[in-house]
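Asker: have a look; sequence and predicted model below, questions after that.
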Amino acid sequence: MQENKNALKVAVVAVLTAVVVVFTMMVRIPTAKGYLNLCDVAICFIAFTFGPWSAFIAAGLGTALADLISGYAQWAPISFIVHGVEGLLVALIVRQKGDETISAIKKIAAGIVCVTTVSMGYFILSAIFISGFSVAAAEIPGNIAQSGVGVVLGLAVATAVKRAYPPVRTLAW
Amino acid sequence: MTTNTFVAGDAFLYHFDPRAKLLSLVLFCSWFFLPISLVGLYGVVFSIILLGSFNTGVHHTWRTFRSILPMLLFMVLFIPFNVRSGESLVTFGTFTFITREGALQAARLGGRFIGITYVCTLLFATTPMTEVMLSLRWYRLPYKASLVVTLAFTYIPFIADSFSQISESHKLREAGEETQKKNIFKRLSELLPTLTSALVVALRSIPNLAMSLEQRGFGRTEKRSMYHTLNAYTHPFTHFMLSIMIPVVLWVLCRT
Amino acid sequence: MEKSRSGSMNFPDVSVVSTDCLKVNDLSFTYRSWCAKKNEPILSHLFCTLEEKSKTLLLAPFNTGKSTFARIISGVCPKYLPGSMEGDIQVCGKDLAYTEPWELLLTCGYVSQNPQEQFVATCVEDEVAFPLESLGLPQKEIAHRVDEALMQWGLEALRTSSNQELSGGERKRVLLAVQQAINPTLWVLDESFDDLDIHWRSQLADLIRKEDNTVLVLASRYLTQFDDLFDRYALLEEGRLHFGEKQEILSSFSRLCDDDLPNPLINQSISLKKEHMLSCASLTTERSRVSTLETNIFTLSVPSFSLKSGELRTLVGPNGSGKSTFSRLLCGLDTPKSGVFSLDERVVGTKELNRNVGYLFQNPDLQIFLPTVREELSWSLKRRKDLKNAQIQEMVNSCAALFSLDLDETPTTMSYPQRKALQAAVYYLLDRPFYILDELDNALTYSTALKIIALLRRNGAGILLITHDRTFGSLVSDQGYAITDGVLGGV
């Protein structure tokens, strides 16, 4: 009998989307300029643990819903694309067969790609559609900081979760 | 944590067919990018804000404006960096500070930003989320996709709840340890236990959710029927016509 | 409630002539192990036959495979709970080996012990409508059944409330309304009487009596509402089912729950290092409670409260009466609107309360984040500067022995009572002078819960137990507090 896993796929993506929303909205670490949120931590965790498709949908949808709920619906499409692509690319880079550990080179590559996608993605899209080039350029450093922290913490959390909750392996698809 | 964006009300936007509202959202958002006169742009933005105050109340309209105020200020501050050439408006000695083109460009960007913000906010403030999803399904969004969104909305409060309980419980567990001021890296690394527990609690709910979905018949071969419908909206055709006509007329009036 | 089962007419669910609704033949199940140690089978060589329209009560202490059994017969285990299964099962003539869970929608309906995990919709009415939509019923029929089920379970006012806004008892009622709207042939009710008020318990009993469905009720405590309700009684022991006479089953059950063991709290000798006293007087607090119905301000006032080292006190009251509001104040998570707490006659703030009052949340999983019991227990100790490694090792070892924990196991995959014991062990090592235990008896046998209390109290901690079970409360202490109409007073 061909195992039908549709319900599992829906459940995985739905819960992970909710996780991204909560990480984006609940944790705000005050910094020198404004706030840092943890959406990139959740996204990198998902990319490291669940693979490209879950990462793409959960990251894109989760950040878009978070924008929508916080009353910034105008940003939702941009967040969907930027973070969705971020999740997808990071997951594609670190994807591998079996349980072997991810090599350091792959991790660094994933980090660079993640930071570049987020900072350049927001820069280009918001420059064209929302705020113009100068304002968008001014936001690059903040985005670099946030996604950089996201990658590092996301990797740490992914390792911790895999060790603390071994059945997570049965959930990835 | 609340996930509600709906503002209760009874004005005419609440009785406007949500499918038509979605269409006009798309049309209006594109409209702002057409070559239109600045006066026309601000005229339309002003009418949309008026429309918003009439439907969702002045308080909600003001709150929306306040949420985008920092961004608008940012845009004003960055005018000097926008366009360097052209007729100068403000100069410091020989240094051109603000040019006419720069100021006009900022005005256009700002107006467009306010407009898009209010169009989006109005849709979600006057349409319950279930009806937004129903309309998207009418536009052929697959059932599975709309189910994912609905389930995410169901799980957000649960995960947010456990998240705050988890951080409290870790806080109580670690109470009594060193209390000196911590730098940002230290603070981030201290989040690790909380984040890990929160993720484990969330992941544990996945198999349960999958089980419940199947026990509630997700996967059956029958065509799903729908409990909620948009049948209460009785004039879809008129509303669709209005959604198309208004942006088109405005385009003809305001184009440059 | 007589249904026109249009759904089942189009899609016949009963295909074999057998009059047995459930037939389980030599069933064994072992959960997959995630560490080096192999798991023991949780069900072994289990046989069970339920005749059509029979009403059966299956008693089993917590965590002995009761819910696993229920999930296996509703088709979702081992699909979603990995493990190895042997034996064959027929539900209304369907061989489960070739049946997907959704095909059992009209055949076998499972109402979970933990309602949170069964919710799939954003609000109550959608929850009831979801399975009916899966059946493809016409919209009018769905609306009719939803209205009827909501009315039966007193949920009309909560139609559009979300799961998170409901109390435990209301959630149970929603699940029962869903079950009633589907009306499957075999009802599997896992602890469905728990958390329900007397009124709803007797309604559920009437429903079981009247409906001509086959009903299997799983319970870990015998309730008075069960009298004269069932025609068969069974006990789950060591992975097997024993059927028998009511009295015989009940007495073996109470032996199995260790109800005959002496109460460890009576005449317990405790080693008091230093006497402490935590107290407060004329405290008030406010909290706005948001619901779909109205936003009302909830107030709690505490004329006087005190807890001494070595004392046992209970705080009893129905759900939503303010028990947890008070506990949050007591351990310093919230600040009161007026009034202060004092410790040994000295006024203390939230930071000191955090340090002195341990709050064991109802859910033990909130703190677990490390891969082994050993790491979990030593985490806080390692961060203390006054302890050497060898000392830590010794403390962890003796603590694990006290709470019967295996140091190399993975906490997240342990059983619920073990996770609860781990949570208590973590706090035991923190050595707080006071503990608040929130609904400790939930999903634990009285005997296990009492054992945990006795261990935490060993070194002279003062304990406040929060419970809505008066029977359990009286086992712990005859002195306590209760909240009536927003005022906390002694009883």
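Answerer: That came through fine.

Asker: any idea how far residue B:217 is from whichever residue of chain C sits closest to chain B?
Answerer: Proximity of chain C to chain B (C-beta to the nearest C-beta) peaks at residue C:134, 2.8 Å away. The way it works is simple: take the backbone N, C-alpha and C, and place the C-beta from them, glycine included. From residue C:134 across to residue B:217, the span is 3 Å (C-beta to C-beta, to the nearest Å).

Asker: okay, and the common contacts of those two?
Answerer: Taking C-beta atoms under 8 Å, 6 or more residues apart in numbering or on different chains as the criterion, residue C:134 and residue B:217 both touch C:102, C:105.

Asker: what helix or strand does the residue nearest the centre of chain A sit in?
Answerer: The centre of chain A sits closest to residue A:43, judged by C-alpha atoms, centre = their mean, with a distance of 2.3 Å. Assessed by DSSP states H and E, residue A:43 sits inside helix A:39-50.

Asker: contacting residues for the closest residue to residue C:96 other than its chain neighbours?
Answerer: The shortest distance from residue C:96 to any non-neighbouring residue, by C-beta to C-beta, 6 or more residues apart in numbering or on different chains, is to residue C:89 (4.4 Å). Neighbour list for residue C:89: C:22, C:23, C:24, C:25, C:27, C:72, C:73, C:95, C:96, C:97 [criterion: C-beta under 8 Å, 6+ apart].

Asker: tell me which of those residues fall in strands.
Answerer: Among the contacts of residue C:89, DSSP state E puts C:22, C:23, C:24, C:25, C:27, C:95 in strands.

Asker: just give me the neighbour total for the residue lying closest to the fourth one once chain neighbours are set aside.
Answerer: Taking C-beta to C-beta, 6+ apart, and ignoring the residues beside it in sequence, residue C:25 has residue C:88 as its nearest neighbour in space, at 5.1 Å. Residues within reach of residue C:88, counting by other C-beta atoms under 10 Å in any protein chain shown, total 13.

Asker: only alpha carbons, please: show the host helix or strand of residue C:88 as CSV.
Answerer: Per DSSP H and E, residue C:88 falls inside strand C:83-91. The C-alpha trace of strand C:83-91 is given here as CSV (Å, rounded to 0.1, in the frame of the first residue of the first chain):
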residue,chain,number,x,y,z
GLY,C,83,6.6,1.2,16.6
SER,C,84,6.2,-2.5,15.7
MET,C,85,2.8,-4.1,15.7
GLU,C,86,1.6,-7.6,15.4
GLY,C,87,-1.8,-9.2,15.3
ASP,C,88,-4.9,-8.4,13.4
ILE,C,89,-7.8,-6.1,14.0
GLN,C,90,-11.2,-5.8,12.4
VAL,C,91,-13.5,-2.8,13.0
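
Asker: what about the residue nearest to residue C:96, distance to chain A?
Answerer: Computed as C-beta to the nearest C-beta, to the nearest Å, the residue C:89 to chain A distance reads 16 Å.

Asker: may I see the buried residues of the strand or helix carrying residue A:14?
Answerer: Using DSSP H and E, residue A:14 sits within helix A:6-26. For helix A:6-26, the neighbour count (16 or more other C-beta atoms under 10 Å in any protein chain shown) marks A:7-26 as buried.

Asker: before we move on, what about stretch C:222-236?
Answerer: Buried residues in stretch C:222-236, counting neighbours by 16+ other C-beta under 10 Å, are found at C:222, C:225, C:226, C:229, C:230, C:232, C:233, C:234, C:235, C:236.

Asker: beta partners of the last one?
Answerer: In other words, residue C:236. Under DSSP bridges, the beta-bridge partners of residue C:236 are residue C:241.

Asker: and the pLDDT at it?
Answerer: For residue C:236, the model assigns a pLDDT of 93.

Asker: ok, now which ones touch it?
Answerer: Contact partners of residue C:236, counting by C-beta under 8 Å, 6+ apart, are C:58, C:59, C:60, C:64, C:65, C:66, C:69.

Asker: distance-wise, check the third one relative to residue C:247.
Answerer: According to C-beta to C-beta, residue C:60 stands 18 Å off from residue C:247.

Asker: what of the second one?
Answerer: Residue C:59 sits 12 Å away from residue C:247, going by C-beta to C-beta.

Asker: which one of those two is surrounded by more residues?
Answerer: Taking neighbours as other C-beta under 10 Å, residue C:59 and residue C:247 compare with residue C:59 leading, 26 against 9.

Asker: quick check: closest non-adjacent residue to that one.
Answerer: Closest residue in space to residue C:59, ignoring its immediate chain neighbours: residue C:253 at 4.6 Å, by C-beta to C-beta, 6+ apart.

Asker: quick one: neighbours of the one you found, just the number.
Answerer: Using other C-beta under 10 Å, residue C:253 has 22 other residues around it.

Asker: list the contacts for the residue of the stretch 151-256 of chain B found nearest chain C?
Answerer: Closest approach between the stretch 151-256 of chain B and chain C, counting by C-beta to the nearest C-beta: residue B:217, at 2.8 Å. The neighbourhood of residue B:217, defined by C-beta under 8 Å, 6+ apart, consists of C:102, C:105, C:130, C:131, C:134, C:135.

Asker: one more pass at 7 Å, please.
Answerer: By C-beta atoms under 7 Å, 6 or more residues apart in numbering or on different chains, the contact list for residue B:217 reads C:102, C:105, C:131, C:134, C:135.

Asker: ok, these vs residue A:79, which is closest?
Answerer: Relative to residue A:79, the closest of the contacts of residue B:217 is residue C:134; by C-beta to C-beta it sits at 32.7 Å.

Asker: touching, that closest one and residue B:218? I think so.
Answerer: Yes: between residue C:134 and residue B:218 there is a contact under C-beta atoms under 7 Å: 6.3 Å.

Asker: hang on, the earlier thing: the residue nearest to residue C:59 sits in which helix or strand?
Answerer: Applying DSSP H and E, one finds residue C:253 within helix C:246-256.

Asker: list the buried residues of that helix.
Answerer: In helix C:246-256, counting by 16+ other C-beta under 10 Å, buried: C:246, C:249, C:250, C:253, C:256.

Asker: sec struct for the residue nearest to the third one when sequence neighbours are not counted, please.
Answerer: Counting by C-beta to C-beta, 6+ apart, residue C:222 is the residue found nearest to residue C:250 once chain neighbours are left out, at 6.2 Å. The assignment at residue C:222 comes out as coil when based on DSSP: H, G, I helix; E, B strand; the rest coil.

Asker: give me the phi and psi for residue C:222.
Answerer: With angles defined as degrees, to the nearest 10, residue C:222 sits at phi -80, psi 130.

Asker: look up how far residue B:161 lies from it.
Answerer: Distance of residue C:222 to residue B:161, given as C-beta to C-beta: 33 Å.

Asker: also residue C:155?
Answerer: Here residue C:155 is placed at a distance of 21 Å from residue B:161 (C-beta to C-beta).

Asker: before we move on, what about residue A:82?
Answerer: Note on residue A:82: its distance to residue B:161, by C-beta to C-beta, is 29 Å.

Asker: so for these two, which residue has more residues nearby?
Answerer: Between residue A:82 and residue B:161, counting by other C-beta under 10 Å, residue A:82 is the more crowded of the two (26 against 13).

Asker: any idea how far that one lies from chain C?
Answerer: For residue A:82, the distance to chain C equals 27 Å [C-beta to the nearest C-beta].

Asker: quick one, phi psi at the residue nearest to that residue when sequence neighbours are not counted?
Answerer: The shortest distance from residue A:82 to any residue other than its chain neighbours is 3.6 Å, reached at residue A:121 (C-beta to C-beta, 6+ apart). The phi and psi values for residue A:121, taken as degrees, to the nearest 10, are phi -60, psi -50.

Asker: wait, residue A:121 touches residue A:83, no?
Answerer: No: between residue A:121 and residue A:83 there is no contact under C-beta under 7 Å: 8.3 Å.

Asker: quick one: secondary structure of residue B:231?
Answerer: State at residue B:231, reduced to three classes by three-state DSSP: coil.

Asker: what pLDDT does it get?
Answerer: 88.

Asker: swap in residue A:36?
Answerer: So residue A:36 comes in at 77 (pLDDT).

Asker: cheers, nothing more for now.
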